[in-house]
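Novice: model the following, please.
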Amino acid sequence: MSGKLAISGGVPVRKEFLPYGHQWIDANDIKAVTEVLKTDWITQGPIVNEFEQIISHYCHATFAVAFSSGTAALHAAAFAAGITTGSEIITTPITFVAD
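Specialist: Here you go, the predicted model:
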């Protein structure tokens, strides 16, 4: 093994791409999304409420809130925790890998 990183012309450690994650989407999932896309309620509405209720029940929580992104969820969590300008926050150095 050379001391050179693959990005700098060294030998890659892996021969195959290592996917970040896998999803399991079946015909029922596709049907459910298609049904919602045919309505006037793409970004809000009764299905979002139903989803939040199902998730809260699954997690044994009183409430669940759906967000459009992880970033929006983190903003809301910071707000709910009372984090303001000048607050000291310690977080993980591991973040989402984006393409």
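
Novice: in the helix ranked longest in the chain, what's buried?
Specialist: Taking DSSP state H as the criterion, the chain has its longest helix at helix 46-58. Of the residues in helix 46-58, residue 47 count as buried by neighbour count, 16 or more other Cβ atoms under 10 Å. Bear in mind the C-beta positions are built from the backbone N, C-alpha and C, glycine included.

Novice: give me the contacts around stretch 37-49.
Specialist: By Cβ atoms under 8 Å, 6 or more residues apart in numbering, the list of residues contacting stretch 37-49 from outside reads 36, 66, 68.

Novice: number of residues surrounding the closest residue to the last one other than its chain neighbours?
Specialist: Translated: residue 68. Nearest residue to residue 68 in three dimensions, chain neighbours excluded: residue 43, at 7.4 Å (Cβ to Cβ, 6 or more residues apart in numbering). Neighbour count for residue 43, taken as other Cβ atoms under 10 Å: 6.

Novice: for residue 43, give me the pLDDT.
Specialist: On the pLDDT scale, residue 43 is placed at 79.

Novice: ok, it to residue 84 distance?
Specialist: To residue 84, residue 43 is 28 Å away according to Cβ to Cβ, to the nearest Å.

Novice: can you give me the helices for the protein?
Specialist: Remark: helices assigned in the chain by DSSP H are 27-37, 46-58, 70-80.

Novice: looking at the ones you listed, which is nearest to residue 18?
Specialist: Residue 18 lies closest to helix 70-80 among these, at 20.9 Å (Cβ to Cβ).

Novice: got any ranges where this protein has weak pLDDT?
Specialist: Residue ranges of the chain with pLDDT under 70: 1-2, 96-99.

Novice: nearest residue to the middle of it?
Specialist: residue 70 (5.0 Å; Cα atoms, centre = their mean).

Novice: surely residue 65 touches residue 76?
Specialist: Yes - at 7.1 Å, residue 65 and residue 76 qualify as touching, with contact defined as Cβ atoms under 8 Å.

Novice: quickly list what's touching both of these two.
Specialist: Counting by Cβ under 8 Å, 6+ apart, nothing touches both residue 65 and residue 76.
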